[in-house]
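> Sequence plus predicted model, see below.
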Amino acid sequence: MLSIDNMVHPAEREKSEHRREQIVRAALALLAEAPLSELSTRRIAGAVGISQPALFRHFRSREAILVEVIATARADLGHVVTRIVSTPSAPHARLGALADALVGYVTENPGLPRLLFANVAAGDSPLLSALRQLHSMQLSLVAELVREGQRDGTFDPTVEPRDAATLFVGFLQALTSSRRLEERDEPLVEQGRRLFALWLKSVMAAHPSKPANVHAEVRREGLQSVDARPLLARGVDPLDSVLAAVQAVGPGGVVKLQVPFRPTPLLSLLGSRGHAVSAEQVNGKLWVVEIVHGGAPAPEDLRELEAPEPLERVLLACARLPRGRVYLARVPRVPRLLFPHLEERGLQYAVYEEQDGTALLRVFKP
């Protein structure tokens, strides 16, 4: 259906998006020069070269601009994280690269620490939620890289990963905060590397060992759904919840993740670990990510077949399924008529209904 919104010319929409980006970048630049209390919409508009009413056509308030500043920083750092986790290297090398990248980003955007350390929000404001989300993203990623180091035997297994992550993020925050209080000619990144070396000593194993299996036995659930939207709304990064679900479903298991944006760093991290990942945008506010633990099996697509062929194809595939193996299929709808047949054959199954009414079926032969 046509509306005023979807009749906007693409060039006009692109111009509007460009103006929004200009406003956000101007606000970030001004934060490097003046306290947050002096940052007004009038001043931001002046820096961009537009009137204050023109600015309000893009953002309704100063807080809305600051929320977008944090979202932009999160997106920028997301690209950095994607590059780091996509590069095959040891966990300590990835952490060193992450520390360098974070210090480099703050050096290029000196206004960001002023926003992070200011008493900018109270209660459950959107700005505080955005700040919490940015902070949580860093904590979750560092904690997971510490766990990787523990699994490969280079990091002390007695170290609590979340504590190590808190210390990691804390020394970076202290570094940028102290630089505002003292005059030093030394590049920030050089001091950051020395502090990282001290942090690394605190988590390294005294005697590196062979990779250990630090995972306890868990009950394999086969298929799980994780809705990250409530977590993100509270400013909590969903990485820990997603990784826990991936571990819980086990090899051949599937995790369906609902998020409000394409989680590019997460896709890269999971892909680097051998999992098959795909992301589909359902609408402007929802992406559904599919994660197949271990990368196999690939789902058989039966959605275009007329009944009863999908049921017959599933039963035929399951008849050939070796013990201990998994079969995945995309079917036109939740196959309730199929369930009694699977139960008669002693097969375990789980199903996930997609937004469009189709379904993903997982069958396991014990």
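Structure received.

> Mind listing what's buried along the least confident helix or strand in the chain by mean pLDDT?
Lowest by mean pLDDT, DSSP states H and E among the helices and strands of the chain is helix 111-117, with a mean of 80. Residues 111-116 are the ones in helix 111-117 that count as buried (16 or more other C-beta atoms under 10 Å). Where C-beta positions appear, they are placed from N, C-alpha and C, glycine not excepted.

> can you check stretch 86-95 too?
91-92, 94-95.

> Just the residues contacting it, thanks.
Residues from elsewhere that reach stretch 86-95, judged by C-beta atoms under 8 Å, 6 or more residues apart in numbering: 84-85, 97, 142, 145-146, 148-149, 152, 154-155, 168, 196, 200, 204, 268, 271-272.

> mean confidence for that stretch?
Average pLDDT, stretch 86-95: 92.

> what's the distance between it and the middle of its chain?
From the chain centre to the centre of stretch 86-95 is a distance of 18 Å (C-alpha atoms, centre = their mean, to the nearest Å).

> so what secondary structure elements neighbour the helix or strand residue 363 falls within?
Assigned by DSSP states H and E, residue 363 belongs to strand 359-364. With contacts taken as 3 or more C-beta pairs under 8 Å, 6 or more residues apart in numbering; DSSP states H and E, strand 359-364 sits against strand 254-259, helix 309-319, strand 326-331, strand 348-353.

> right, and those - which one's nearest residue 186?
Ranking the helices and strands packed on strand 359-364 by proximity to residue 186 (C-beta to C-beta) places strand 254-259 first, at 40.2 Å.

> The closest one pairs with which strands?
Taking DSSP bridges as the criterion, strand 254-259 sits next to strand 223-227 (parallel), strand 286-292 (antiparallel) in its sheet.

> any idea of the angle that strand forms with strand 348-353?
Strand 254-259 runs at 20 degrees relative to strand 348-353, counting by axes from the mean of the first three to the mean of the last three C-alpha atoms, to 10 degrees.

> tell me which residues of the helix or strand that comes right after strand 254-259 are tucked away?
Next along the chain after strand 254-259, taking DSSP H and E as the criterion, comes helix 264-272. For helix 264-272, burial by neighbour count (16+ other C-beta under 10 Å) applies to 265-270.

> Repeat that for stretch 162-172.
164-165, 167-169, 172.

> Now intersect these with the strands, please.
Among the buried residues of stretch 162-172, no member falls in strands (DSSP state E).

> Among those residues, find me the one that's closest to residue 361.
Using C-beta to C-beta, residue 165 is the member of the buried residues of stretch 162-172 that lies nearest residue 361, at 37.8 Å.

> In three-state terms, label residue 201 for me.
At residue 201, secondary structure determined by DSSP: H, G, I helix; E, B strand; the rest coil is helix.

> Could you report the neighbour count for it?
For residue 201, the count of nearby residues is 8 (other C-beta atoms under 10 Å).

> Same question for the one 3 residues further on.
The tally of other residues near residue 204 (other C-beta under 10 Å) stands at 15.

> Pop out the phi and psi values for it.
Main-chain torsions, residue 204, degrees, to the nearest 10: phi -70, psi 140.

> thinking again about what came up before, any idea which of the helices and strands packed on strand 359-364 gets closest to residue 185?
The nearest among the helices and strands packed on strand 359-364, by C-beta to C-beta, is strand 254-259 at 43.6 Å.

> quick one on the thing from earlier: tabulate the buried residues of helix 111-117 (JSON lines), appending distance to residue 137.
Converted to JSON lines, the buried residues of helix 111-117 look like this (distance: C-beta to C-beta, whole Å):
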{"residue": "111", "distance to residue 137": "19"}
{"residue": "112", "distance to residue 137": "14"}
{"residue": "113", "distance to residue 137": "16"}
{"residue": "114", "distance to residue 137": "20"}
{"residue": "115", "distance to residue 137": "16"}
{"residue": "116", "distance to residue 137": "13"}
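
> so residue 101 touches residue 82, yeah?
No - the pair residue 101 and residue 82 fails to qualify as a contact (C-beta atoms under 8 Å) at a distance of 11.1 Å.

> what's the nearest residue to residue 16 if we skip its chain neighbours?
Of all residues not flanking residue 16 in the chain, residue 58 sits nearest, at 6.8 Å (C-beta to C-beta, 6 or more residues apart in numbering).

> okay but that neighbour is in contact with residue 18, surely?
No - assessed by C-beta under 8 Å, residue 58 is found out of contact with residue 18, at 10.3 Å.

> which of these two has more neighbours?
The neighbour count for residue 58 versus residue 18, taken as other C-beta under 10 Å, is higher for residue 58 (19 against 10).

> Give me the pLDDT value at the more buried one.
95.

> Name the SS class of it, please.
Assigned state for residue 58: coil (three-state reduction, three-state DSSP).

> What's the separation between it and residue 65?
As judged by C-beta to C-beta, to the nearest Å, residue 58 and residue 65 stand 9 Å apart.
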